[in-house]
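Asks: Below are the sequence and a predicted model for it; my questions follow.
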There are 2 protein chains.
Amino acid sequence: MLEHFKIPEDQAVRVPLDSLRKTTEEIFLKCGVSKDDAKLGTDALIFADSRGIDTHGVSNMLRTYVSSYNSGAFNPTPKNSIINSTASTAIIDGDNGLGLMTAPFGMNIAIQKAKETGVGIVTIRNSNHIGAAGYHAMIAIEHDMIGWCMTAGGTSMIPTFGAEPKLGTNPLAFAAPTNKEAPFMFDAAMTAIAGNKIGLANRLGKTMEPGWIANEDGSPNMDGGSTHDFIINSIRTQLPLGSTRELGSHKGFGLGTMVDILCGQLSFASGFASLDQNRRAHFVAAYDISAFGDVNEFKNNMDGMLKGLRETKPMPGKERVIYAGLPEMEAFEERTKKGIPLHPEVIDWFKDICNKFQIKYELS
Amino acid sequence: MLEHFKIPEDQAVRVPLDSLRKTTEEIFLKCGVSKDDAKLGTDALIFADSRGIDTHGVSNMLRTYVSSYNSGAFNPTPKNSIINSTASTAIIDGDNGLGLMTAPFGMNIAIQKAKETGVGIVTIRNSNHIGAAGYHAMIAIEHDMIGWCMTAGGTSMIPTFGAEPKLGTNPLAFAAPTNKEAPFMFDAAMTAIAGNKIGLANRLGKTMEPGWIANEDGSPNMDGGSTHDFIINSIRTQLPLGSTRELGSHKGFGLGTMVDILCGQLSFASGFASLDQNRRAHFVAAYDISAFGDVNEFKNNMDGMLKGLRETKPMPGKERVIYAGLPEMEAFEERTKKGIPLHPEVIDWFKDICNKFQIKYELS
């Protein structure tokens, strides 16, 4: 994580992982979610918190889920249905449930199919926020498979040369197993920054960096420095990865469109054809490594590759090269020991919601 | 294409598509390539030339292929072998042939598998340069499928915070069919610019823009202005898409690593575990849209989406928003009528090689 987004240690309240898990599960239950789904949703959130993905853990997300359940925007007891299943593919209708639970349902089907044919690809429509896409991709690696997860919906990415947002931030996650090294886990919005980083920046009193957001007329904001207004107005016109055409923003825009096609068009989700994407659509895939060759050899080769990247000679002023998945594993080791650092404002929210839901507050 | 990379019309020699095709085919034949492979390799190159992808057409690539055949670096008569085939997957050993022909071989197998199970995924090892990855992805759309193509190998991408290159430019291509709109065809290096743009810039006497390459110590060159030295020294330390950590270069680096895993590790290609990637490895995949739903509905939805992107209100100073695949289709319409614009230096090369190979020169 950029220093920009780190909670200063003297402000952080360290919360034990188990109590955070217990409290989060109880909050989901109070929203009317089933026991299994509460467990699953909590696991996805705590995955993010325990791995330093603070944007997608309890701090940013839980409160929005609670308010969406309470307002009736999300269905707390969805019935997933499987549509058009073939040997290697399926579409899931998520019945307006939370993506945190729908995506693992889809991924488990993809894994079953991959066991039989080598590959399973499942698209999911009529769903909602997925949490950290990396969580769902990582389910596959426990089965010695490569995992993919993408999610699309909303309008915050401004197309290159455009003056209005047309796509979501459209994250793409990809995970591959290893023997000794931290597993490779890539998970990134196809905008220059993730949407949730804006909430995080606000909480930390930080401004936007150059190249992250668009000016009001759509032109790339390459000065930075803005953005309390940006946040409170919810005008989330974020630039694609690459920021400007010269730096390659057409690539971020193209990748974002690809994610929209795989999630929205390939699940035949309503609204995606007209770019009016109220609900989320997802894409999950699993590739069985044993279909291609020896699993142990693959993992050893992954170790060699990732070690080679990690040991790249660093540029001046930098300690080392960090591959995707390495800092998450290091954060996991530290946070399982020392607890999850939460911002005092988040602690206050937990106190309030526990009070409201008549849950015993036992985080700090 | 950025104006930066356009041949000025008054310098361009317009060559009819058919004569360029005929001459290119004859050059391949003179390199010892079979008739079928010469046709296939030519088709891949002319695909690029006719669609304005000048970096991957005859201008940059044909001369390097000829010299690699002549030096014995490429096998002109490879025997592709299929390894570990399952219902939805296979690995191809390309027998050190040119990727231009090996990738379509792999894609056709992927398409066959997709007809049976919904998905086909084929990795290819022991191959060489693939040309425009988009060409191979586009093969799938003629079968009403979604197509993927990636290619990895070489060392030119510098990892974020690194001082030495470790990965190739590792392009990712993705194509999806439409009814009325130009098909969506994304094809981009996971570096800020494609490697071949450097050759093109050199021919046009252009310098590097900020954010494209690294300084000698590995730090991002955000000044631009360099680079005849960069070219002639072949020190191709290119920055990942995103250029700097703040702008998101860890995303380009992560995507580049993902491409390396899918191409190199998933084909068990030698050298990829140690990042010593002399030969190229590829990944192709096809998803049968009819496995997911109605093909015509999918294509209509794609039309709606792409039209919506194309009609995005533009930012000041820009005429319109351009989605991936649109300018390529427009170039195709113009160039099939007016001919392919070649740089005089390229014309000279053709004259020389025709003379050397005793081929009748009939381009201009």
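Replies: Everything's here; your move.
Asks: wait, does stretch A:311-323 contact chain B?
Replies: Yes - contact of stretch A:311-323 with chain B (C-beta under 8 Å from any C-beta of the partner chain) involves A:Thr312, A:Lys313, A:Pro314, A:Met315, A:Pro316, A:Lys318, A:Arg320, A:Val321, A:Ile322, A:Tyr323. Heads up, the C-betas are built off the backbone N, CA and C, glycines and all.
Asks: what about A:Val119, distance to chain B?
Replies: 4 Å (C-beta to the nearest C-beta, to the nearest Å).
Asks: That residue contacts A:Ile111, doesn't it?
Replies: No - using C-beta atoms under 8 Å, A:Val119 is not in contact with A:Ile111, being 10.5 Å away.
Asks: more neighbours, these two?
Replies: Taking neighbours as other C-beta atoms under 10 Å in any protein chain shown, A:Val119 and A:Ile111 compare with A:Val119 leading, 31 against 21.
Asks: how deep is the residue nearest to the more buried one when sequence neighbours are not counted tucked in, by neighbour count?
Replies: Leaving aside its chain neighbours, A:Val119 sits nearest to B:Ser88 (4.2 Å; criterion: C-beta to C-beta, 6 or more residues apart in numbering or on different chains). The local packing of B:Ser88 (other C-beta under 10 Å) involves 30 other residues.
Asks: same check, this time on A:Glu116
Replies: 16.
Asks: Check which helix or strand it maps to.
Replies: helix A:99-117 (DSSP states H and E).
Asks: Mind giving me the packing neighbours of that helix?
Replies: Contacts defined by 3 or more C-beta pairs under 8 Å, 6 or more residues apart in numbering or on different chains; DSSP states H and E place helix A:99-117 against helix A:35-50, strand A:89-93, strand A:119-127, helix A:133-141, strand A:145-152, strand A:280-288.
Asks: Same list (the ones you listed) but as JSON lines, adding mean pLDDT.
Replies: Shown next, in JSON lines, are the helices and strands packed on helix A:99-117 (pLDDT from 0 to 100):
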{"stretch": "helix A:35-50", "mean pLDDT": "97"}
{"stretch": "strand A:89-93", "mean pLDDT": "98"}
{"stretch": "strand A:119-127", "mean pLDDT": "98"}
{"stretch": "helix A:133-141", "mean pLDDT": "98"}
{"stretch": "strand A:145-152", "mean pLDDT": "98"}
{"stretch": "strand A:280-288", "mean pLDDT": "98"}
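Asks: which stretch among the ones you listed comes nearest B:Gly264?
Replies: Shortest distance between B:Gly264 and these, using C-beta to C-beta, is found for strand A:145-152: 12.9 Å.
Asks: now for that closest one, which elements pack on it?
Replies: Using 3+ C-beta pairs under 8 Å, 6+ apart, strand A:145-152 is in contact with helix A:99-117, helix A:133-141, strand A:172-176, helix A:249-260, strand A:280-288.
Asks: Is there contact, residue-wise, from the last one to chain B?
Replies: In other words, strand A:280-288. Yes - against chain B, strand A:280-288 shows contacts by C-beta under 8 Å from any C-beta at A:Tyr287, A:Asp288.
Asks: What strands flank that strand, and is each parallel or antiparallel?
Replies: Using DSSP bridges, the strands paired with strand A:280-288 are strand A:119-127 (antiparallel), strand A:145-152 (antiparallel).
Asks: Format those as TSV; extra columns: distance to B:Glu362.
Replies: Shown next, in TSV, are those (distance: least, C-beta to C-beta, whole Å):
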stretch	distance to B:Glu362
strand A:119-127	47
strand A:145-152	48
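Asks: Looking at those strands, spot the one closest to A:Phe268.
Replies: Closest approach to A:Phe268 among the strands paired with strand A:280-288 (C-beta to C-beta): strand A:119-127, 6.6 Å.
Asks: now the closest one, how far from the centre of its chain.
Replies: 16 Å (C-alpha atoms, centre = their mean, to the nearest Å).
Asks: And for stretch A:46-56?
Replies: Remark: stretch A:46-56 is offset 9 Å from the chain centroid, using C-alpha atoms, centre = their mean.
Asks: what are the C-alpha coordinates of that stretch, in PDB please?
Replies: Output of stretch A:46-56 as PDB, limited to C-alpha atoms (Å, rounded to 0.1, in the frame of the first residue of the first chain):
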ATOM      1  CA  ILE A  46     -11.600 -10.300   7.100                       C
ATOM      2  CA  PHE A  47      -9.500 -11.600   4.300                       C
ATOM      3  CA  ALA A  48      -9.000  -8.000   3.100                       C
ATOM      4  CA  ASP A  49      -8.500  -6.600   6.600                       C
ATOM      5  CA  SER A  50      -5.900  -9.200   7.600                       C
ATOM      6  CA  ARG A  51      -4.000  -8.700   4.300                       C
ATOM      7  CA  GLY A  52      -3.700  -4.900   4.500                       C
ATOM      8  CA  ILE A  53      -6.300  -4.400   1.800                       C
ATOM      9  CA  ASP A  54      -7.900  -1.800   4.000                       C
ATOM     10  CA  THR A  55     -10.000  -0.400   1.200                       C
ATOM     11  CA  HIS A  56     -12.100  -3.600   1.000                       C
END
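Asks: on that earlier part again, also compute the angle for the helix holding A:Glu116 relative to strand A:145-152, please.
Replies: Helix A:99-117 runs at 140 degrees relative to strand A:145-152, counting by axes from the mean of the first three to the mean of the last three C-alpha atoms, to 10 degrees.
Asks: how far away is A:Gly242 from chain B?
Replies: Distance, A:Gly242 to chain B, by C-beta to the nearest C-beta: 6 Å.
Asks: If I look at that residue, what pLDDT would I see?
Replies: At A:Gly242 the predicted local confidence, pLDDT, stands at 97.
Asks: Could you give the secondary structure assignment for it?
Replies: coil (DSSP: H, G, I helix; E, B strand; the rest coil).
Asks: Please list the residues of the stretch 101-250 of chain A that sit near chain B.
Replies: Checking the stretch 101-250 of chain A against chain B by C-beta under 8 Å from any C-beta, the hits are A:116-119, A:121, A:123, A:146, A:159-164, A:166, A:172, A:174, A:176, A:184, A:186, A:188, A:192-193, A:209-211, A:214, A:217-219, A:241-243, A:245-248, A:250.
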